[in-house]
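A.B. asks: Please find the sequence and the predicted model below.
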Amino acid sequence: MLLQYWTEESQYNSGHWKAEIRDFRNQLKRQLTTNLYQFLEKELASIYNDALGYVIDKTEGKLDNLPQYSTYTLEQLLDINYLPESL
């Protein structure tokens, strides 16, 4: 049921979501130092784990097929033009 909801929502909101992602990446690009990049690279697994816990709590565990580890590299996450095909 939840997956169906998000599939339907994506039809209406994908443009907004893409713009939000672009805005977040632009903000990061302006603030990203070598030290911050190295920190993110080192902590990516921990950051993902924290975010995963947040999503599990927020959805009350209704999303049980989420990857336990990030499927994206830091380079992909920061690339202004990168979006997974499912978005």
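C.D. replies: Received it, and whenever you're ready, just let me know what you need.
A.B. asks: So for stretch 66-73, what gets flagged as buried?
C.D. replies: For stretch 66-73, a neighbour-count test (16 or more other Cβ atoms under 10 Å) marks residue 70 as buried. (Each C-beta comes from the backbone N, C-alpha and C, glycine too.)
A.B. asks: For it, which outside residues touch it?
C.D. replies: 44-45, 48, 52, 55-56, 84 (Cβ atoms under 8 Å, 6 or more residues apart in numbering).
A.B. asks: which pair in the residues you listed spans the largest distance?
C.D. replies: Within the contacts of stretch 66-73, 56 and 84 form the most distant pair, 19.9 Å apart (Cβ to Cβ).
A.B. asks: picking that back up, so which of the contacts of stretch 66-73 sits lowest on pLDDT?
C.D. replies: The lowest pLDDT within the contacts of stretch 66-73 belongs to residue 84, with 84.
A.B. asks: what about it, which helix or strand?
C.D. replies: According to DSSP states H and E, residue 84 maps onto no helix or strand at all.
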